[in-house]
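Trainee: coordinates only, sequence not included:
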Ligand code: 13P
Ligand code: SF4
């Protein structure tokens with residue numbers, strides 16, 4: 001099947017099966033273009049919670065599919081590739097995190113949405129990079145808080161809220177690799193460019209930012225801001241929508257540090273997000289599998305902190 005036929009077939013199957021295709025900004029541009037809805041992690045969860053489709057095809061990484069499945073127990077949630085996980089979610093195994101939580105019984109547990117359902121099951125409230133500040137600030141001033149798994153995001157939220165959350169030592173392998181030196185070189189070459197940074201980046205990279213925010217917040221800023229050039233320190237998939245929404249502006253992907261071998265790699269790409277291809281979207285919709293399965297007892301616990309987040313984000 002040609003690409004055009006593949007896209008037509010996906011749209012036909014989606015209509016026939018009353019399926020909605022949702023995509024995160026980091027998946028391939030051609031998958032984003034095909035989706036009914038694109039968004040950041042918060043918007044995807046919100047959209048899943050209110051769709052009246054019978055099937056949700058979640059084009060993103062596995063925890064995004066799990067969140068949709070937990071919120072929509074009566075719908076079929078499909079993911080094009082179940083092996084598309086997330087290094088950050090993997091850096092926080094539920095048993096180890098559970099032991100950490102148990103060792104601090106007087107702490108409120110705040111978990112980033114980039115976690116498995118089992119880790120969410122030992123959490124009090126979930127956050128995304130869109131609402132982490134707002135939700136942490138809604139907790140009592142003297143509350144003792146555990147934040148996991150992203151240490152960079154946790155440090156950033158501590159710095160802007162004045163809280164002293166106890167942090168789990170996790171990180172995203174893509175965002176942790178952006179290099180201060182490379183961004184400074186780019187700034188010198190493009191003195192008018194504004195620097196857009198996702199809060200999963202390390203502190204010294206965040207310190208260079210004109211805007212720190214979730215993928216949706218960076219996109220919104222890039223569209224509204226008067227500057228015409230932007231250096232973008234997050235996964236490069238977001239450039240597709242930035243360029244589409246602001247075609248007259250220039251978006252420069254921030255390069256990662258050189259790899260150990262000195263080669264320039266595509267390290268500002270999330271290899272998990274890039275596992276979602278048109279062919280896999282087609283196959284999963286045609287065969288109605290793989291279906292995201294979250295064990296009932298885990299889903300029953302994990303839904304509480306997710307719903308708390310959605311309530312606090314209204
Ligand atoms: P957003 O919530 O900003 O979309 O981020 C998701 C993510 O995986 C960042 O690496
Ligand atoms: Fe996970 Fe990082 Fe990929 Fe985001 S970019 S999905 S945090 S591995």
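Mentor: Received, thanks. This structure is a prediction, so every number in the text was calculated from the model and none was measured. Ligands and ions are numbered 1, 2, ... in the order given.
Trainee: Tell me the residues of this protein that contact ligand 2?
Mentor: 61, 86-88, 114, 172, 174-175, 200, 235, 270, 272-273 (C-beta under 6 Å from any ligand atom). To be clear about C-beta, it is placed using only N, CA and C from the backbone, and glycine gets the same treatment.
Trainee: so of these, which ones are in helices?
Mentor: Judged by DSSP state H, the subset of these located in helices is 87-88.
Trainee: Residues touching the biggest helix by length in the chain, excluding its own?
Mentor: For the chain, the longest helix by residue count, based on DSSP H, is helix 296-312. Contact partners of helix 296-312, identified using C-beta atoms under 8 Å, 6 or more residues apart in numbering, comprise 45-46, 49, 66-67, 69-71, 73, 111, 113, 117-118, 120-128, 131, 134-135, 138, 294.
Trainee: Please pick the buried ones from these.
Mentor: Buried subset of these (neighbour count, 16 or more other C-beta atoms under 10 Å): 45-46, 66-67, 69-71, 111, 113, 117-118, 120-128, 131, 135, 294.
Trainee: Now go through the residues you listed and say which are in strands.
Mentor: When these are checked against strands (DSSP state E), the matches are 111, 125-127.
Trainee: Next one: the longest helix of the chain, is it in contact with ligand 1?
Mentor: No: when contact is scored as C-beta under 6 Å from any ligand atom, no part of helix 296-312 falls within range of ligand 1; the minimum is 11.9 Å.
Trainee: got it, and stretch 236-246?
Mentor: No: on the criterion C-beta under 6 Å from any ligand atom, stretch 236-246 is out of touch with ligand 1, staying 8.4 Å away.
Trainee: Pull out the buried positions in that stretch.
Mentor: Judged by neighbour count using 16+ other C-beta under 10 Å, the buried positions of stretch 236-246 are 236-242, 246.
Trainee: so which of those residues comes closest to ligand 2?
Mentor: residue 237 (8.9 Å; C-beta to the nearest ligand atom).
Trainee: And the closest one, what's its pLDDT?
Mentor: Turning to residue 237, the model gives it a pLDDT of 96.
Trainee: Just give the closest residue to it, not the sequence neighbours.
Mentor: residue 26 (3.8 Å; C-beta to C-beta, 6 or more residues apart in numbering).
Trainee: mind checking the SS state of the one you found?
Mentor: Secondary structure, DSSP: H, G, I helix; E, B strand; the rest coil: residue 26 is coil.
Trainee: Give the burial count for it, as a bare number.
Mentor: By other C-beta atoms under 10 Å, 24 other residues sit near residue 26.
Trainee: That one: what's it in contact with?
Mentor: Residues in contact with residue 26 (C-beta under 8 Å, 6+ apart) are 60, 215, 235, 237-238, 270, 273.
Trainee: circling back to that earlier point, dump the ones in strands among the buried ones among the contacts of helix 296-312 into TSV; add distance to residue 182 and pLDDT as well.
Mentor: As requested, these are exported to TSV (distance: C-beta to C-beta, whole Å; pLDDT from 0 to 100):
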residue	distance to residue 182	pLDDT
111	31	98
125	36	98
126	33	98
127	29	97
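Trainee: just checking, what packs against the host helix or strand of residue 100?
Mentor: Secondary structure from DSSP states H and E places residue 100 in helix 94-102. The contact analysis (3 or more C-beta pairs under 8 Å, 6 or more residues apart in numbering; DSSP states H and E) places helix 94-102 against helix 117-120, strand 145-148.
Trainee: Could you list every helix and strand in contact with the first one?
Mentor: Pointing back at helix 117-120 there. helix 62-71, helix 94-102, helix 296-312.
Trainee: Kindly compare burial across these and name the winner.
Mentor: Of the helices and strands packed on helix 117-120, the one with the most neighbours on average (mean count of other C-beta atoms under 10 Å) is helix 62-71, at a mean of 26.
Trainee: Relative to ligand 2, which residue of the stretch 1-150 of the chain is the closest?
Mentor: For the stretch 1-150 of the chain, C-beta to the nearest ligand atom, closest residue to ligand 2: residue 86, 3.1 Å.
Trainee: ok, that residue - contacts?
Mentor: Residue 86 touches 61-63, 114, 172, 270, 272, counting by C-beta under 8 Å, 6+ apart.
Trainee: Ligand 1 versus the nearest residue to it once chain neighbours are set aside, what's the distance?
Mentor: Once flanking residues are discounted, residue 86 sits nearest to residue 61: 4.5 Å by C-beta to C-beta, 6+ apart. Going from residue 61 to ligand 1 by C-beta to the nearest ligand atom, to the nearest Å gives 7 Å.
Trainee: quick one: residue 61 and residue 271 touch, right?
Mentor: No: using C-beta atoms under 8 Å, residue 61 is not in contact with residue 271, being 10.4 Å away.
Trainee: Right, I'll call it a day here.
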